[in-house]
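Q: Kindly generate the corresponding structure for this input.
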Amino acid sequence: MSPYILTLMLLALGLGTSITFSSTHWLLAWMGLEINTLAIIPLMIQQHHPRAIEATTKYFMIQATAAATLMFAATTNAWLTGEWEISQMNHPLPLTITTIALAFKLGLAPMHAWLPDVMQGLNLFTGLILATWQKLAPISILMQVNNNLHLMILLALMSIIIGGWGGLNQTQLRKLMAYSSIAHLGWMILVMQFTPSLTLLALTIYIVMTVTIFTIFILSKTTNINSLSTSWIKTPVTYAMTPLALLSLGGLPPLTGFLPKWMILQELAKQQLALAATIAALSALLSLYFYLRLSYAMTLTVAPNTTTNMMPWRLESKNMKLVIAILMTMTIMLLPISPSILTILV
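A: Below you'll find the predicted structure:
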């Protein structure tokens, strides 16, 4: 792809998300979501590979369906109440339709089946955009809407369970990261109705951790678990630290990823939702298991002498060493400054 076209598409991605962020009217928010969707389509299809074409087609159809459903809900609300403001959607029918449409856009369970297949057909850079940046606009709308509390808790718990369960038998890293995205989105949605600032904290830390992991995969050109066993030869120090980043993504103390889950469980206990907190905490162990699988494959296995994997380790890497060092530090070591982070949020 031409650098000019790539720059234009990335600027359009930023523009679409910014329009959705800054709008309180349904038509403007919908327009921002559509610009966002149309901007990422050329990035997804740039390889001209059959899998990329299939993933792009699936993504376009899903997003178009969700956007049409969202516009139908907004129009229904305007017809019933006369209001086009996002925060003024109070009628239960368009409210439920809106929540389902946004969950469809985000990939929340049980509307999650498209996300792993689409991620599998993309390259790692586009998969990173899909797993992080594309979540921002729908979440910003979801935070403005007065959602049904029971529906949100149900969607969140299903996402946490399915996000952990679906990743157990996967060998493709992009599918694993897709199920990780589903599980983390469940944690964000679980506490959104009570403390939106905790949702923002969880989203920010999730983006930092996911960017770190994807950057390491891009550095080693790794797309499946088997090739992880050869990647440690290339940059031993980086891959010695990567298991800590993976365990942080799983929420293991005393790493950074433990902070949002700890605060969310504390908030659920305050809201007398002990059962939901228990289900979420136990389901997080499923996600932790497949992160441990990745850690084991990356650091505790030695590749056989006859391997069919691509081994680019003979050439010294010039890619983003400072960026990886900063991201790795943030992914692993933010927990000691959690009081300062929480002070900013409050």
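
Q: only C-alpha atoms for contact and neighbour calcs from this point on.
A: Fine.

Q: Tell me how many other residues crowd His91.
A: A total of 14 residues lie near His91 under the criterion other C-alpha atoms under 10 Å.

Q: ugh, wrong one, Trp262
A: Neighbours of Trp262 (other C-alpha under 10 Å): 13.

Q: How about Gly16?
A: Neighbour tally, Gly16, other C-alpha under 10 Å: 24.

Q: Where does the prediction get shaky in this protein?
A: 232-234, 301-320, 346 (pLDDT under 70).

Q: On the C-terminal side of the longest helix along it, identify the next helix or strand.
A: Secondary structure assigned by DSSP state H gives helix 50-81 as the longest helix of the chain. Where DSSP states H and E defines the elements, the next helix or strand beyond helix 50-81 is helix 92-106.

Q: And that following helix, what does it pack against?
A: For helix 92-106, the elements it packs on are helix 50-81, helix 136-144, judged by 3 or more C-alpha pairs under 8 Å, 6 or more residues apart in numbering; DSSP states H and E.

Q: I'd like to know which elements the next helix or strand after that helix is packed against.
A: Sequence-wise, the next helix or strand downstream of helix 92-106 (DSSP H and E) is helix 114-120. Using 3+ C-alpha pairs under 8 Å, 6+ apart, the elements in contact with helix 114-120 are helix 50-81, helix 173-192.

Q: who's in contact with helix 114-120?
A: Among residues not part of helix 114-120, those counted as contacts by C-alpha atoms under 8 Å, 6 or more residues apart in numbering are 54-56, 58-59, 62, 107, 127, 130, 172, 174-176, 178-179.

Q: rewinding a little: make a markdown table out of the helices and strands packed on helix 92-106 and add mean neighbour count and distance to Ser248.
A: Converted to a markdown table, these look like this (neighbours: other C-alpha atoms under 10 Å; distance: least, C-alpha to C-alpha, whole Å):
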| stretch | mean neighbour count | distance to Ser248 |
| --- | --- | --- |
| helix 50-81 | 18 | 29 |
| helix 136-144 | 19 | 21 |
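
Q: which one of those lies closest to Pro92?
A: Pro92 lies closest to helix 50-81 among the helices and strands packed on helix 92-106, at 9.3 Å (C-alpha to C-alpha).

Q: Show the secondary-structure elements that the closest one is packed against.
A: helix 26-44, helix 92-106, helix 114-120.

Q: Need those helices in CSV (columns: mean neighbour count and distance to Phe72).
A: Formatted as CSV, these follow (neighbours: other C-alpha under 10 Å; distance: least, C-alpha to C-alpha, whole Å):
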stretch, mean neighbour count, distance to Phe72
helix 26-44, 21, 11
helix 92-106, 21, 8
helix 114-120, 22, 22
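
Q: Any chance of those helices in a markdown table with distance to Leu345 as columns?
A: What follows is these, written out as a markdown table (distance: least, C-alpha to C-alpha, whole Å):
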| stretch | distance to Leu345 |
| --- | --- |
| helix 26-44 | 25 |
| helix 92-106 | 24 |
| helix 114-120 | 31 |
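
Q: Tell me which of these lies nearest to Arg293.
A: helix 114-120 (18.4 Å).

Q: Could I have the CA atoms of that closest one written out in CSV?
A: Extracted C-alpha coordinates of helix 114-120, given in CSV (Å, rounded to 0.1, in the frame of the first residue of the first chain):
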residue,chain,number,x,y,z
TRP,A,114,-17.0,-13.0,14.0
LEU,A,115,-14.1,-11.6,16.0
PRO,A,116,-11.6,-14.6,16.1
ASP,A,117,-12.2,-15.4,12.4
VAL,A,118,-11.7,-11.8,11.3
MET,A,119,-8.5,-11.4,13.4
GLN,A,120,-7.1,-14.6,12.0
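
Q: That one: how far from the chain's middle?
A: 12 Å (C-alpha atoms, centre = their mean, to the nearest Å).

Q: And for stretch 21-35?
A: 21 Å.

Q: thinking again about what came up before, the helices and strands packed on helix 50-81: which one's closest to Leu198?
A: helix 92-106 (18.2 Å).

Q: Now tabulate the helices and strands packed on helix 114-120 in JSON lines and tack on distance to Met328.
A: Converted to JSON lines, the helices and strands packed on helix 114-120 look like this (distance: least, C-alpha to C-alpha, whole Å):
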{"stretch": "helix 50-81", "distance to Met328": "30"}
{"stretch": "helix 173-192", "distance to Met328": "17"}
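
Q: Which among these is found nearest to Met9?
A: Checking the helices and strands packed on helix 114-120 against Met9 by C-alpha to C-alpha gives helix 50-81 as the closest, at 15.1 Å.

Q: Centre of the chain to that closest one, how far?
A: 19 Å.

Q: Stretch 260-277 now?
A: The answer for stretch 260-277 is 21 Å, by C-alpha atoms, centre = their mean.

Q: Equivalent analysis for stretch 140-156, please.
A: 17 Å.

Q: How far does that stretch stretch from one end to the other?
A: 16 Å (C-alpha to C-alpha, to the nearest Å).

Q: just to revisit the earlier point, between the helices and strands packed on helix 50-81, which gets nearest to His150?
A: helix 92-106 (11.0 Å).
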